Structures are given as C-alpha cells and as structure tokens.
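Colleague: Model the structure of this input:
(chains A, B and C)
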Amino acid sequence: MSTAFLSSWKVRIGLGILAFFCLLALLGPWLAESLLGLDPRANDTDAIALPPGGEHLLGTNQFGQDVLAQVIAGARGSMYVGLIGAVVGTAMAILVGVPAGYYGGRVDAALNFLTNLFLVLPVLPLILIVAGYLQGTGLTTIALIIGFFGWSGGARTLRAQALSIANRDFVRAMRMLGEKGRRLVFAEVLPHLTGLIASMFLHAMIGAVMAEAGLAFLGISDSSAISWGTMIQSAQQQSAVLRGLWWWFVPPGLCIALIGTAAALVNFGVDEFANPKLRVARPVSVRRTKRLARAAATTGGDSR
Amino acid sequence: MSNVLRKEAAVTDRQAIRNPDTADAADAAQESAYVLEAREVTKHFTVRGALGRTSVVRAVEQATVRLKPGQILALVGESGSGKTTLARMLARFHEPTEGEIVLRGEPVSGSRRARRAYHSEVQLIFQDPFGSLNPLHRVRYNLERALRLHQPQLDRAGRERRITELLERVSLTPTDEFAAKFPHELSGGQRQRVVIARALAVEPKVLLGDEPISMLDVSIRLEMLNLLQRLRTEDGLALLYITHDIASARYLCDEIAVMYAGQMVESGPKEEVIAAPQHPYTKLLIESSPDPERGVDDREALFAGADELGEPPSLIDPPTGCRFHPRCPFAMPECREQAPPRTELGNGHWAMCWLHTKGRAGELAGTTHAEATAARRRTLEGAS
Amino acid sequence: MTVGTEPHPSSVTATAVLEVRGLTVEYATGSAPVRACADVSFTLRRGEILGVAGESGSGKSTLITALTRLQRPPAVTTAGQILFHGRDGAPPVDLAALDGRQLRRYRWTALSIVLQSAMDALNPVMRIGAQFADVLRARERGLSKKDAWARAEELLALVGISADRVRDYPHQLSGGMRQRAAIALALACGPELVVMDEPTTAVDVVMQRQILAQVLRLREELGFAVVFVTHDLSLLLELADRIAIMYAGRIVEVGEAADLYRSPRHPYTQGLRDSFPPLHAPLRTLRGIPGTPPDLRRPPAGCPFHPRCAQRIEGCDERLPALLPVRSQPGHEAACLLDESHHEQQKGGNR
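Modeller: Next up is the predicted model:
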C-alpha cells in the first residue's frame, strides 16, 4: 500500500519538499552557524540593507542581519508553529470526531454541536482577541491558539468516516466477542483512519505555517522570535516593496509558497490513490495498456 | 354472523397455540431442552422518508424459533422475508419490538453485562467473509482477542495451544503459517474458516449462520457445510442456518422453517417439508429452486407457467390476513381477512395456512403453483 | 469447430451467429500482463442458449466484456477474433477489430447485453419509457416520440410489466422488475445475440425462475441467441442448450447440457456438478472441490486444474491439454489428459 502510494511522482516531490524543510528546521541553524558562520541575530553595521552578493548570499536587512541566516532560522520558527499547531489541532479533531462517529446517539449530538460551533465561529477575530488578551505571545502560544481554533473541519471528516467504519461487520463481530468500546475505537476503528489522519495532519501543519505568517503580518507575534511571518512583517513595516528591497520578503514568501505546493502535490497523490476511478486512468496504467495493445497488434497482426 | 363466530373461534384457537405457558407447561422437560429460543418476536423499524414522513417497516411479525443442542435448523426465505432481521435479533444487534429472546429458559435482559454473557454462548457468522475480518489484523490477533476475553485463565502458552487447535479444527493447516496471515492473503473460504474459528474460540453453544456460504465460490461451499456439520456432531453445537438456498438447507439441516414477508409460514422435518410442503409459499419456493436431477430433459414442462409468479409485498403496507394471499392460487375470502392459525401436522411439522382449517390441504399435493394459478385464472374468467 | 453437424433439439437453424476464435484477453497490471482469458474458442448457433459457468477468477466476466467490447483499461484483447454472422447473409464481421464508430452499428441491433445489476443499465434519473425511447429513436430516426413510448409499453408487456409502469423511474420498480425491464430494453432493437452476465444473481429464486421462463419464451418468439454467464451450474443445466465450463481463463469442457450433467469428462466439471446438493434425490456426503482456484498472476504449469485434481496423472503438471472433441459424444469437447482422445493424440506424438 505505502509503496503504491509512493510510486506517484507528485507524492514523492511533495514529500521531498516537506522533508527538506523539516531537515532545514532541525539542522539548519546549527549548520548555518558552524559551517557558514552565519548568525541570524548578528548585526553587521557595515552592511545595512545590502542586496544579495558575495558575503551575504541573500543580502541583509535594515539591521544588517543576514537574510539567508534569518530564512534558515525562520524555518525553525515556522515549522515549530506548524508542528505544534498541527499536533494540537489533529489531536482535538480525533478526540472529538472519532467518538462522535463511533458512539453516535447523545455523545454524537453533544460533540457534533461543539464541532459545528467551532466551524461557524469567526476564527480570525477570535484569535486576535485571545492573542491580545494573552500578553507576550510566544511562538508556542501562537501555535496552541492556531491548533485550538482549527480542528473542527477535521473532526467533521473523521466523524463521518468513523461512523461508516463503526457499522462495518468486523467491528460488529469484535463487539460481539465482547471487546470494550474504547478498545474497539483504538484497535479496530482508528487504524483505518490513519491515512486520513496523516493527510489531515499535513494539512493542519501547512495551515498553521500560513496562519502564523498571517498573524505575524497583522502584528500578532513574538517580535523577538524569528519566523517567516515575522520576516515578512518587518519587511512590510519598512515598506520593502516600495523601496524595491525584494530580498527581504521574497525568500520567506517563496518558502511558504513551496510548502503550500508540496501539500497540494501530496494531496493529488492521495486522491489518485484513494479514488479507484482516477487510478485506472493513471498514466502508468494507461501506458502499460497501450504498450500491451501495441505488442498484440504487431505480433497478432491479422487477428487484431 | 357465522363469519364473526368463525373469527372468534380462530382467535381463541390461535391464543391457545401461541400462549407459551400452555404449550410449554405440558412438557417442562421439553422446554429446558431448548438452548435458545425466540418467542413470538416482532421487529418494526421506523424509517424516515423524504419530507420527514415516517413509516414503519414490519420486518418480522411474531416469529418463534427454537434451537436444541446438536440440532441444525434452517431458516429459509427470500430477501425481505425477515430472516436476517430475526438472526440479528438473536445475535442481539437489534432489540425485538415485542416478544423475547430466551437462553436456556431464561429471558435475556438488555444490560451490557448480560449481553456479554449472552455472546459467550451465542455467536453469529456473518454473510460476507471479506467484511467481517478487520483487514489490518492478522488471523492470530482475532483468535487471541477472543481467547483473552473469554478464556482469561489461559496463560500465553495455553492460548498458543488453543489457537493451534482452533485452526486445526477449521482445517487451516499449517496453523503457524495461517496464524501469521492477513485477511487479504486468504481466499474467501479461508476467511470464513477464520471467522468460524474466532466464533469457536468463545466456546459457544449456539452458532447463527447468516447465509455463511452465499458469498463463497460454488466449489468450496460444500466443504464449509461439511465443517458446520462436523461442529454439530462433534461439539453438539446448535446451529441456525439462514439461507435462501433450500437445497443447501436440505443438505445441512434437520428441520426447516420457512419465512415469507416477515412471518413464519411453515416448519418441520426437512424431508417432510421438501417432499410435501404444506404451505403454498413453501411449495412455490421449492418448485422455483433449480434442481438438475429434476430434468435437463423436459424443459418446457419445467418452466411452463413460470412467467407470472408475482413478487413479495412491501413490508411497510403488508397485505391483511395471510401475507401470501395476493399471490396464492388457493386463496379464499378468509385469507384476506385474517391471519391463518397454526395447524399442527404431527412430528413437529406445522403450517400456517387456511387450507388446513378448511380441509383443502389435499389440493396442495396434486398440482404445481403454476398449474394452480392457470386453473384459477380460467375459473375467474369463466365466472366473469 | 462444432459448427452444426449434429441434430439440435430446438427448432432453430444450425447456422452460427457468433464464432469466437482464440480470444485472449490480458490485464496490463504489475510487471507482467495477467492472462484472464486464454485462447477461448466457441461457436454459438442461431437461437441457441450457451451457458458459460465458472467461479470467481475463471475469466467469465472478462470474456463478457471482451465479447461486447465493453472492456476498459487495463484489459486488452491481445489475440483472437469475434466473428459475427448477420441475419442478412453478409460476410462475417470481426467485432474485435471494429473501432468505436463502426461498433455502434452493431450495438443493440445485432448484439445487446444484460448486466448483473439492472441499476447499472438503467439511468436512475430518467423514466423507464424515456430510456426505451432513447434507444429506439437512436436506431430508427423516423420514429416519433409517441410511437417510441408505445413501443416501450409493448416491450415491457413482453416481460410482464404493465403499461402504466412506463412512466416510473427505475427506483420505483422492484429489483425483479428492474431486471426484467433491462431484459426488455436489451431486446428493444431486435438483436440476434443477447449476452447476459449473471442476470439473476441479484434476485430471489422465485423471480429467477420467472425471468428464466420469460427468456426461454421470448427466445422461442423472437429467435435470438443467448450467451448466459453465471456461477450457478445448476441453473444452466435447466436453462441452457449447451454449456461451456471455464476454469482459470480457459474453456475446459463444452457440451450439450444433458451430456455435461450425465457424463462430464473433465474432473473440474464433475466436481462442480457435485457441488450442488440435490433437492429431491437421496442425500450423500458431497465434497465439493478442495483447494482454491489458481492465482492467475502465477498460473500453475500444465493443466491449471491439476493442483486441485483428485484424478491427476503423470504429465498433468507439464502438458496443457487442448480442448478436443470427445469421441463417444458428438458435440462434446473436453480439455483433459484423462480423456481418450488425448491418449491417442499422445500416442500419435502430435503434441
């Protein structure tokens, strides 16, 4: 199953991009410092707002800080928010969606109400208010808020899936054996949702990266932390666009766009894999069929 | 006037037969011999249609099923006859709307603990062997869970031994190899064997088989029936075999019960029921079943008049009286008005048909459904 | 092959309507193509009912889609001919070689199909009559809408559905009625050949009997030939004139229904016949066929049935037996080394 899934080039490229950014977030700052000798916070007063060039590959910002080093450090910040946000969001989606679908009845009614409530809440204004209320917002707080407000869509999907699996014969059979509810959920139902949950997690992560950038742009961020969002925000504050200082905002913006692309690619692959109709029309399958037909036509000659 | 009297007589008659006290008190020993009973169970489903309209599906009406240890009862009927609903009530997936399920003479309650105790004695084999095993778990996991839940006294080695025994029981050898397999590595027949082994791990007294062979390849069906037969003779299991295939029912079972449109219409020893059906529907069902022995030669006769056999009614608005009367070539005015009483025919054979009360039962043997229908049409045309 | 030399019980002429020669269908999956139908040859006479019996994986469904040219990738017809002989006496056409546009001329008028689930054949959002009218008017340009609907009523009457049902949607009909409507639709343009793919598997026995009786009656009236594919041999024994048994993508035995039942030549046919317990004859313990059908991705060498065969002899695991006429029974062919004609052939050293 997993090998078939990985055979799609879209999935491979998408996962490759994501893996690259994860590695960058993990090892990047250390590599930048030890190999290139770059410190994202070091102010080079001789080189303020320099365009990309020899010493500073991606130029410097208004404080003379190296943009490349900042992008690398920002990867850690952004991916950190993405990860924490996704973990919180996915966990809440599972905790609310799966029991709602599995147990049904009153449990479902209550949990479904909660889900629908969060679905229709105006999330962005609420985040602004909550962030403003919690003074001194660190990246962790931002991530938690993003996760807390962004689980409802996933919960709905999981509820629907869990509902259909809970009515399958094998769950009935295990219930008839006397398995307890919690074990049925975790050993029988949940493993069938791993694919869905993995794809949801990926989405939540990218959503959180974007949300962090958006919030930072609106000024809700920890000004001392470095993330792609804070980089774009400070570029905007200095009206980098008007001044033509493109290297301040293009590198972090491009990183965010790349991550979005990666998500889209993985998703196409998941669709092809999950939908058998698309699978039949998959290029590999069509190519193989054509080749076989051609071979038959040349060897069979007169008959076909 | 006479009509009313007759109606009353019939009602008291029916009550006498239906009342479990009078029927069973006569022979208390007989009652304790039953391991599982469904007494007069009825199931109505409420379905919500478009625009919020609700309607009631009368899936099963006052059906009674009794199982003795070491006995195989076949429940035969077409789709929509209520046989699967009855099986699911016996498996406690549905609560009966009326009536009760009785295990060893004790009515079972709906509590969670009672349900668990019940399922250590009664297990269901599902129709679809591809759906009733979780594709993510190995064969071993299924058996091990069953043993952990129902034989908690077993230690690890004991469980291993039991798993080997169970797989040998259902002829999945070499057992080590099969225990390590995932369902998708098994054929349909092998999966159904795993399902049976899982049910046996509980050491039940009753197996309910909901069309257990209908989704298997033809050539391996008999092996499965032989396996069920062996479980009965060796372990003394009681088995309810639910099927639409009357020939396989005859091969496996001791007694046959026939359902039509949610009602039991006839029950008795299999050879008696098949050789001389005492209800027009049973007769139609047997005449419609393919039987190569009967005649690859005389096809014209075989299919004569089979053009118009009618269809089962809707269970939302079933016919009054006997539910078979709109299709029945022997139908009388009584059949439309009132459900027929149960007539005991001796040897445990009974039928619910007005023909018996009216002394017309002899007509059943002399004709076929198609002939009778044609004759009836001629009479009706002649009359008008 | 068996083109009508022997007398035929039915009152039909003994000319062929369909000749299938060496039909091979492969699935382009995985690294090597899987051969789901291998070298299938048979002849269907005008007005004849040929039953094709086989289990899952026997290639019977693949055969149907190849015959009707409804196959989709990854299935490919890699060899063979499907020769259709029209009523008009024109030279036969090879259906396998036609492109989509040429094929349209033959669909419905020459060859039509009844699927296992009528819901697949009927459009759920169109009234029954409109679907009939669509098919009829596509073949007969001049037909007015009103006449087409009138014809639809006649066709439904053929299968015992009352005329007022013509305005119903498919979901308003019962399962059995839908299946009968699908049969009526298949007969709408007077085809010479109707391919039926398990048309009664989804309905109950009583309805099954009713549908089969109607197919037999309509065959007498209209004279079409039928290829009837099913897993239920007991059904075919009552219905079909001749029966072909498929196993692992090949026809292993073909013959008159009564011959095949009384003296099957292939051990698989014997096993399959003995897999149906009798309804009235005395009961005895039956075994079915032990083992499981072969995996077509890795077909066994020699006869594909030999791993399950109780009567296998030396050579079964090496030589693939050809489908050869059985000496003592005209019109009967079997592909088994046990059969006498294979002994002789072996002695002759032909193969």
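
Colleague: Name the SS class of the residue of the stretch 151-300 of chain C found nearest chain A, please.
Modeller: The minimum distance from the stretch 151-300 of chain C to chain A, using Cβ to the nearest Cβ, falls at C:Arg297 (14.4 Å). Backbone N, C-alpha and C define where each C-beta goes, glycine included. For C:Arg297, the assignment made with DSSP: H, G, I helix; E, B strand; the rest coil gives coil.

Colleague: lowest confidence element among the helices and strands of chain A?
Modeller: helix A:276-280 (a mean of 56; mean pLDDT, DSSP states H and E).

Colleague: meant to ask about chain C, not that
Modeller: Quick look at chain C via mean pLDDT, DSSP H and E: least confident is helix C:340-348, a mean of 61.

Colleague: residue ranges with poor pLDDT in chain A?
Modeller: Along chain A, the model assigns pLDDT under 70 to residues A:1-7, A:35-38, A:42-51, A:53-58, A:64, A:135-137, A:272-284, A:297-304.

Colleague: what does it put close to chain B?
Modeller: A:168-174, A:176-179, A:187-188, A:191-192 (Cβ under 8 Å from any Cβ of the partner chain).

Colleague: if you set the cut-off to 7 Å instead, what comes out?
Modeller: A:168-170, A:172-173, A:176-179, A:188, A:191-192 (Cβ under 7 Å from any Cβ of the partner chain).

Colleague: As a markdown table, these with neighbour count would be great.
Modeller: Formatted as a markdown table, those follow (neighbours: other Cβ atoms under 10 Å in any protein chain shown):
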| residue | neighbour count |
| --- | --- |
| A:Arg168 | 16 |
| A:Asp169 | 20 |
| A:Phe170 | 24 |
| A:Arg172 | 19 |
| A:Ala173 | 25 |
| A:Met176 | 25 |
| A:Leu177 | 23 |
| A:Gly178 | 19 |
| A:Glu179 | 20 |
| A:Glu188 | 23 |
| A:Pro191 | 14 |
| A:His192 | 18 |
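
Colleague: now for the residues you listed, which pair is the farthest apart?
Modeller: A:Gly178 and A:His192 (20.9 Å; Cβ to Cβ).

Colleague: A:Gln70 touches A:Asp39, doesn't it?
Modeller: No. Between A:Gln70 and A:Asp39 there is no contact under Cβ atoms under 7 Å: 10.0 Å.

Colleague: Get me the contact residues on chain B for chain C.
Modeller: So chain B meets chain C at B:78-79, B:187, B:189, B:217-223, B:226, B:244, B:246-248, B:250-251, B:274, B:284-285, B:288-294, B:296-297, B:299, B:302-303, B:306-309, B:311 (Cβ under 7 Å from any Cβ).

Colleague: Which among those count as buried?
Modeller: B:78, B:187, B:189, B:217-223, B:226, B:244, B:246-248, B:250-251, B:274, B:284-285, B:288-292, B:294, B:296, B:299, B:302-303, B:306-307, B:309, B:311 (16 or more other Cβ atoms under 10 Å in any protein chain shown).

Colleague: which one is B:Met259 nearest to, not counting chain neighbours?
Modeller: B:Gly77 (3.7 Å; Cβ to Cβ, 6 or more residues apart in numbering or on different chains).
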